[in-house]
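Student: Quick check, what structure comes out for this input:
(2 chains, ligands or ions: 3)
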Amino acid sequence: MVAVTMELSLAVAADNLRPARLQMAFTLGFHIILACLGVGLPLLMLAAEWRYLKTGDLLWKTLARRWSKAFAVMFAIGAVTGTVLSFELGLLWPEFMGRWGAVIGLPFTMEGFAFFVEAIFAGIYLYGWDRLPKRVHWLTGWPVAISGFFSAFFVVTANSWMNAPAGFRLVEDKIIDVDPFAAMFNVATGAQVTHMIVAAYLVTGFSVASFYAVQLLKRVSAYDRRAFTLSLLLALPLVPVQMIVGDWSAKVVAKSQPVKLAAMEGIFDTTTRAPLHIGGIPNEKTKTTDFAIAIPGALSWMAYGDIDAEVTGLNDFPAEDIPPVAVVHIAFQIMVSIGGFMMLVALWCLVVFIKKRRWPESKAFLGTVVLLGPLSVIALEAGWVVTEVGRQPWIVQGYMRVSEAVTQAPGVWNVFYLTLAIYSVIGVATVSILRQLAKVPVVETSDGA
Amino acid sequence: MGPDDLLLLVMLVALTLYALLGGADFGAGVWEFTTALQSTDKQRQHIYKAIGPVWEANHVWLIFVLVILMNGFPVAFAALSRALWLPLLLALCGIVFRGAGYAFRSYSRGTGRELAMWESVFAIASTATPLFLGASVGAVASGQLAIAADGQYEASHLTGWMSSFAVFTGFYAVGMCAYLAAVYLAREAAVAKEDDLTQLWRQRSLSTGLWMGLLSIGGLAMVSIEAPTLAAGFAHRGWPLVVVSLACGIGSLIEVWRNNFLRAVIASSGAVAAVLWGWAVSQYPLIVPPTITSGVSKAPDNILWTMLVVITVGAVFLLPSLSYLFVLFKSNRQRPY
Ligand code: HDD
Ligand code: HEM
Ligand code: HEM
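Tutor: Residues are numbered from 1 along each chain as shown, chains lettered A, B, ... in the order given. Ligands and ions are numbered 1, 2, ... in the order given. Down below sits the predicted model:
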């Protein structure tokens, strides 16, 4: 009898694995876009309002005010989709939270405060335009930007712990000696947190710039040009930073999750002077990565700073510990190519600036920036796919498999379909409201927008 | 008092604040739902204006309760997630639609029909969310969740929260929200010197207040029949809070009657808080009856202490900010700058 129920529940668990993962991935992938804008937009608002305080030019105020409306919508949707995630950690992965909650929970508790401060000051900032003295109003925007930064910081430490668990000991399957700070600040934390926060600013800067580039292609106006310049000023300087931090991330992965590194690169055989694969499609049957351009030694150098270092290939890991190679490899290629493309655009700007002392304004440049908006979001999602799918089959690298963590509740597929439907409605509505906000004509009156 | 008790206390305070502040926001939506056909534009504006600046912050109390439970009492968090899978999912749907509906309603530049659509989404979701959260609380309080000592769940996903007691608490929660909102909105109207609105909300406070009084007495009767363990807890420890709740409830009605709306707000909050505290005190030290106590489910003591330190430090940032928000938007001195 017991054996039968055991088997039954294992069967349910196996059935739940796919929908639960899809559910988690989809809701996270949705939330992360809003979260990035929630982290980045306050900075843009503050910059525009600061220009207004300095110059008294009402156009800057209009800009800040309109951005604050877009932020308000993003923030509200970010908050509800984030609430979904908090519940989902328990609803979809009860075994994970029940077992590891004590170790991983502290950053979530801290994040609670960051949200709180953010929500409070978002209320003050958004509804305080006419109620507060100008300078005070500007100052109330700062806690929003700062706590957005810390939200991202705290929550990504939780994720980095899943990649590089630390801060506890296992004795006969019991967790003891829990050190929550050691768990928070594990070997993956520094690179992952930095990479994520920079990504949030990049996504915000490029998405906003992309919107105004479209406007500028239609008709040049002072308003659109200012918005465009300001948002590019946020994003472009961070592009080289992101490349360097990405490289740091890869070095961390090489150390803490070698199998993920091998999957990212599609390296099947252990080799010294390992090649960097550009492009290519890993074939899990023949165990080769086909059609790739290989740069000999480059991977060894990237991962270990030595072109002769040995990189362990996938074949030398147990088969049950290997993530879906093709997905991870392709996602990684996408992220890196987009990063490279951003770098080229940044160089383009730099060259024009050095030559002509001004921003490039050609149609070709504007058109390129239009592309960078969606591309930055794609890079963001691809990066997360590398991180999360690359960790498979583990939910806690080396300690708990996803299949051991999943809920045994019925109907997870139905929940997933329902979520798809609801989020589609919300996604469409959000975009449509943002478009309505954008269509309100810009008038330079004393009350801004 | 160990760190686990302190943390339970923090959680109870947060839950109470969620019930009072978030509850009033939900209640505003409940009113919008139940009076959709008769209310005028001005009445609607009054509702939206009242909750605009504060609802996001009020919502975070829920997140706060959740993360403390997750971190401090992981076994209870997992057990509740398993047992209340369905009502929590439904409440989540409500939360998503309420937040989205509110935001879209506030920022849409669309036609009247579009606004009306988001208004009704907001209104329906504001009613559904406390219904399912209330039923979840009722399911826990009733002790009818079939949870084994290791936190595993051994029944169908309808048991517990579909019991008559849990269904009752669901509706009771909706009523509480409506009652809180009516009293708060009466006060806001009085502060804004809107006489017709004040009259309207005064009347609504009185009638819901009376209804909630009757329901509370009915609820006590139900506890004694359907939730014997909880009833024993009430008889043993919780009864003073029941008395406080009734006294506050009656007091709030008298103050509304006399047009002392600030006092009425305080008294009605006291009435609702006392219900929650009565429940918590009566079931202590169980977190999820019948099996999961705080002792069974708590994280190691060093984690709990760390959390308490973090919470104290956080409070240093939080409390002044929160006071600033409420003083700015909810005090009597509402002068436009
Ligand atoms: C705008 C977005 C963006 C851009 C341009 C890049 N990345 Fe990235 N990357 C992310 C956005 C991102 C991310 C979505 O934010 C991830 C997912 C998890 C994380 O911490 O950051 C990520 C993860 C991630 C990881 C996996 C980390 C892990 O699993 O722990 C590596 C190795 C890199 N990145 C490397 C790079 C390199 C070498 C890039 C440059 C060429 C690069 N990324 C550009
Ligand atoms: C700090 C933030 C995050 C946390 C705590 C987190 C946590 C989790 C958890 C618990 C799972 C389920 C178990 C598993 O499959 O390993 C998961 C899976 C997944 N997550 Fe994340 N995640 C985070 C951020 C993200 C983001 C922003 C994305 C964006 C796309 C993402 C993409 C995915 C994907 C694709 C999966 C499924 C992997 C698979 O089944 O192959 N994650 N994550
Ligand atoms: C890398 C991943 C993530 C980042 C950068 C991030 C960041 C943010 C930010 C900045 C907000 C504020 C809302 C906004 O400004 O739009 C937010 C909201 C929220 N997030 Fe995330 N988040 C991430 C993943 C997660 C995960 C995995 C969870 C689940 C545990 C989560 C839970 C929440 C909650 C509960 C809220 C709402 C808080 C409120 O009510 O204000 N987030 N997130």
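Student: From here on, just use CA atoms for contacts and neighbour counts.
Tutor: Will do.
Student: Tell me how many other residues crowd residue A:324.
Tutor: By other Cα atoms under 10 Å in any protein chain shown, the residues close to residue A:324 number 18.
Student: Ligand 3 versus that one, what's the distance?
Tutor: In this view, residue A:324 and ligand 3 are 22 Å apart by Cα to the nearest ligand atom, to the nearest Å.
Student: quick one: contacts for that residue?
Tutor: Neighbouring residues of residue A:324 by Cα atoms under 8 Å, 6 or more residues apart in numbering or on different chains: A:263, A:389, A:390, A:392.
Student: Spell out which helix or strand contains the first one, please.
Tutor: Same thing as residue A:263. Using DSSP states H and E, residue A:263 maps to helix A:258-265.
Student: which is the next helix or strand following that helix?
Tutor: Once helix A:258-265 ends, the next helix or strand along the chain (criterion: DSSP H and E) is strand A:271-272.
Student: gap between that next one and the chain center?
Tutor: Centre-to-centre, strand A:271-272 and its host chain are 32 Å apart (Cα atoms, centre = their mean, to the nearest Å).
Student: now swap in stretch B:33-52 and tell me
Tutor: The chain centroid and the centroid of stretch B:33-52 are separated by 20 Å under Cα atoms, centre = their mean.
Student: List the buried residues of that stretch.
Tutor: Within stretch B:33-52, the residues scored as buried using 16 or more other Cα atoms under 10 Å in any protein chain shown are B:33, B:36, B:44, B:46, B:47, B:48, B:50, B:51, B:52.
Student: Need the worst-confidence member of those residues.
Tutor: Among the buried residues of stretch B:33-52, residue B:36 carries the lowest pLDDT, at 69.
Student: quick revisit: what two of the buried residues of stretch B:33-52 are the furthest from one another?
Tutor: B:36 and B:52 (18.9 Å; Cα to Cα).
Student: Now do the same for the residue nearest to residue B:189 when sequence neighbours are not counted: helix, strand or coil?
Tutor: By the measure of Cα to Cα, 6 or more residues apart in numbering or on different chains, the closest residue to residue B:189 outside its immediate chain neighbours is residue B:198, 5.0 Å from it. Assigned with DSSP: H, G, I helix; E, B strand; the rest coil, residue B:198 falls in the helix class.
Student: Go ahead and confirm residue B:198 touches residue B:187.
Tutor: Yes: with contact defined as Cα atoms under 8 Å, residue B:198 reaches residue B:187; the gap is 7.3 Å.
Student: who has more neighbours, the two?
Tutor: Neighbours were counted for residue B:198 and for residue B:187 using other Cα under 10 Å; residue B:187 has more, 26 against 23.
Student: that's a strand at the more buried one, yeah?
Tutor: No: secondary structure of residue B:187 (three-state DSSP): helix, not part of a strand.
Student: Which residue comes closest to it once chain neighbours are left out?
Tutor: Nearest residue to residue B:187, sequence neighbours excluded (Cα to Cα, 6+ apart): residue B:261, at 5.0 Å.
Student: List phi and psi for that neighbour.
Tutor: Dihedral angles of residue B:261 (phi, psi; degrees, to the nearest 10) stand at phi -70, psi -30.
Student: I'd like the distance between it and residue B:146.
Tutor: Distance, residue B:261 to residue B:146, using Cα to Cα, to the nearest Å: 44 Å.
Student: neighbour-wise, which of the two wins?
Tutor: Set residue B:261 next to residue B:146 and count neighbours by other Cα under 10 Å: residue B:261 wins out with 25 against 20.
Student: Isn't the more buried one up against residue B:254?
Tutor: No: counting by Cα under 8 Å, residue B:261 does not reach residue B:254; the two are 10.1 Å apart.
Student: how much space between the closest residue to residue A:228 other than its chain neighbours and ligand 3?
Tutor: Once flanking residues are discounted, residue A:228 sits nearest to residue A:209: 4.9 Å by Cα to Cα, 6+ apart. Distance of residue A:209 to ligand 3, computed by Cα to the nearest ligand atom: 19 Å.
Student: Distance from the helix or strand harbouring residue A:209 to the middle of the chain?
Tutor: Secondary structure from DSSP H and E places residue A:209 in helix A:189-218. Distance of helix A:189-218 from the chain centroid (Cα atoms, centre = their mean) equals 11 Å.
Student: Is that helix positioned near ligand 2?
Tutor: No: contact of helix A:189-218 with ligand 2 (Cα under 6 Å from any ligand atom) is absent, the minimum separation being 9.2 Å.
Student: Check the gap between residue B:105 and residue A:419 for me.
Tutor: 22 Å.
Student: Please identify which of these two sits among more neighbours.
Tutor: Ranked by neighbour count (other Cα under 10 Å), residue B:105 and residue A:419 place residue B:105 first, with 22 against 16.
Student: Which pLDDT value belongs to the more buried one?
Tutor: So residue B:105 comes in at 82 (pLDDT).
Student: need the strands for the chain, in chain order.
Tutor: If you meant another chain, say so; for now it's chain A. A:169-171, A:174-176, A:271-272, A:276-278, A:281-283, A:288-290, A:293-295, A:310-311, A:394-396, A:400-401 (DSSP state E).
Student: Chain B, not that one
Tutor: Listed in chain order, the strands of chain B (DSSP E) span B:286-288, B:292-293.
Student: Direction included, what does the first one pair against?
Tutor: Same thing as strand B:286-288. Using DSSP bridges, strand B:286-288 pairs in its sheet with strand B:292-293 (antiparallel).
Student: now the strands of chain B in CSV, with mean neighbour count?
Tutor: Shown next, in CSV, are the strands of chain B (neighbours: other Cα atoms under 10 Å in any protein chain shown):
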stretch, mean neighbour count
strand B:286-288, 24
strand B:292-293, 20
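Student: and residue B:321, which of the ones you listed is closest to it?
Tutor: The closest of the strands of chain B to residue B:321 is strand B:286-288. By Cα to Cα, the value is 30.9 Å.
Student: could you list every residue that touches the spatially closest residue to residue B:15 that is not a sequence neighbour?
Tutor: Closest residue in space to residue B:15, ignoring its immediate chain neighbours: residue B:65 at 6.3 Å, by Cα to Cα, 6+ apart. Contacts for residue B:65 (Cα under 8 Å, 6+ apart) come out as B:11, B:14, B:15.
Student: Also residue A:253?
Tutor: Contacts of residue A:253 by Cα under 8 Å, 6+ apart are A:188, A:260, A:261.
Student: which one of those residues sits closest to ligand 3?
Tutor: residue A:188 (13.8 Å; Cα to the nearest ligand atom).
Student: give the contact list for that closest one.
Tutor: Residues in contact with residue A:188, defined by Cα under 8 Å, 6+ apart, are A:160, A:161, A:163, A:164, A:249, A:252, A:253, A:256.
Student: From residue A:256, how far out is the nearest residue to the third one once chain neighbours are set aside?
Tutor: With Cα to Cα, 6+ apart as the measure, residue A:397 is the residue that lies nearest to residue A:163, at 5.4 Å, once sequence neighbours are left out. Shown here: residue A:397 relative to residue A:256, a distance of 9 Å by Cα to Cα.
Student: which residues are common contacts for the two?
Tutor: With Cα under 8 Å, 6+ apart, residue A:397 and residue A:256 have common neighbours A:163, A:164.
Student: so, in contact with chain B or not, stretch A:51-69?
Tutor: Yes: judged by Cα under 8 Å from any Cα of the partner chain, stretch A:51-69 and chain B are in contact via residue A:69.
Student: Return the alpha-carbon coordinates of that stretch using PDB.
Tutor: Written as PDB, here are the backbone C-alpha positions of stretch A:51-69 (Å, rounded to 0.1, in the frame of the first residue of the first chain):
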ATOM      1  CA  ARG A  51      17.500  69.000 -15.200                       C
ATOM      2  CA  TYR A  52      14.200  70.800 -14.500                       C
ATOM      3  CA  LEU A  53      15.400  71.900 -11.100                       C
ATOM      4  CA  LYS A  54      18.600  73.200 -12.500                       C
ATOM      5  CA  THR A  55      17.300  74.900 -15.600                       C
ATOM      6  CA  GLY A  56      13.600  75.600 -14.700                       C
ATOM      7  CA  ASP A  57      12.800  74.400 -18.200                       C
ATOM      8  CA  LEU A  58       9.300  72.900 -18.100                       C
ATOM      9  CA  LEU A  59      10.000  70.500 -20.900                       C
ATOM     10  CA  TRP A  60      12.200  68.600 -18.500                       C
ATOM     11  CA  LYS A  61       9.400  68.500 -15.900                       C
ATOM     12  CA  THR A  62       7.000  67.200 -18.600                       C
ATOM     13  CA  LEU A  63       9.400  64.500 -19.400                       C
ATOM     14  CA  ALA A  64       9.900  63.500 -15.800                       C
ATOM     15  CA  ARG A  65       6.200  63.500 -15.200                       C
ATOM     16  CA  ARG A  66       5.400  61.400 -18.100                       C
ATOM     17  CA  TRP A  67       8.100  58.900 -17.300                       C
ATOM     18  CA  SER A  68       6.700  58.700 -13.800                       C
ATOM     19  CA  LYS A  69       3.300  57.700 -15.200                       C
END
